[in-house]
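Chemist: this one's structure only:
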Ligand SMILES: Cc1cc2nc3c(=O)[nH]c(=O)nc-3n(C[C@H](O)[C@H](O)[C@H](O)COP(=O)(O)O)c2cc1C
């Protein structure tokens, strides 16, 4: 399976974030024929206000989702939930169906992360995204598994590899 267009969304906008390191490990699993784009403008998306007209940054976010064959979300849990910037961006897509039937891999990389992981699965289900247990991964104690911007924990590297492969299989079977 080749030639997919995959969009990565990092739920942490912190410099040197662990989620960024995990995303880099995900990218390693895609062949050079796969075009991987990292969306790096979550912080620029205005607060969702229910308006009918999308601000420019929102229109760009939505069009990148639309164009993608599959999405990878990698995020920490903040205050037992989904980071505000990520939740806000996803709220803009509720009415538009941009995620409908879109294969999504969800990685929560956090100190613990269970609640944020579960909450995000509910949100993605509400958006009608396509995900299942083989395309979701919870990486707890992430700070101990990442060093200098790289994932160093061998079992975690293997789990990320399997998840990436499942995402490609799901995308190829659509
Ligand atoms: C404001 C804040 C709230 C946090 N809340 C949680 C939490 O509820 N659960 C958890 O597992 N980790 C929590 N953490 C710890 C993060 O999981 C940890 O710092 C992680 O490395 C952050 O991800 P990042 O490095 O990708 O930014 C919190 C961290 C911050 C800064």
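Modeler: Arrived safely, thanks for sending. As the structure is a computational prediction, the values presented were derived from the model and not from experiment.
Chemist: switch to C-alpha atoms for all contacts and neighbour counts from now on
Modeler: OK.
Chemist: Run through who's touching the one helix or strand residue 7 maps to.
Modeler: Remark: residue 7 resides in strand 5-10, with elements defined by DSSP states H and E. Applying Cα atoms under 8 Å, 6 or more residues apart in numbering, the external contacts of strand 5-10 come out as 19-20, 23, 34-40, 64-65, 67-75.
Chemist: ok, now with 6 Å
Modeler: The contact list for strand 5-10 (Cα atoms under 6 Å, 6 or more residues apart in numbering) reads 34-39, 68-75.
Chemist: quick one, strands of the protein?
Modeler: Taking DSSP state E as the test, the strands found in the chain are 5-10, 35-39, 70-75, 104-109, 136-139, 146-147, 150-151.
Chemist: gap between the strand holding residue 7 and the chain center?
Modeler: 7 Å (Cα atoms, centre = their mean, to the nearest Å).
Chemist: OK, contacts around residue 157?
Modeler: Per Cα under 6 Å, 6+ apart, neighbours of residue 157: none.
Chemist: again, only using 7 Å
Modeler: residue 151 (Cα atoms under 7 Å, 6 or more residues apart in numbering).
Chemist: how near is it to the ligand?
Modeler: 16 Å (Cα to the nearest ligand atom, to the nearest Å).
Chemist: One more: residue 64?
Modeler: If you go by Cα to the nearest ligand atom, the gap between residue 64 and the ligand works out to 22 Å.
Chemist: residues near the nearest residue to that residue once chain neighbours are set aside, how many?
Modeler: Spatial nearest neighbour of residue 64, excluding adjacent residues (Cα to Cα, 6 or more residues apart in numbering): residue 7 at 7.3 Å. When neighbours are defined as other Cα atoms under 10 Å, residue 7 has 22 of them.
Chemist: beta partners of residue 7?
Modeler: Going by DSSP bridges, residue 7 is paired in beta bridges with residue 37, residue 71.
Chemist: and the angle from the top helix by length along the chain to strand 70-75?
Modeler: If you go by DSSP state H, the chain has its longest helix at helix 154-172. Orientation check (axes from the mean of the first three to the mean of the last three Cα atoms, to 10 degrees): helix 154-172 against strand 70-75 gives 150 degrees.
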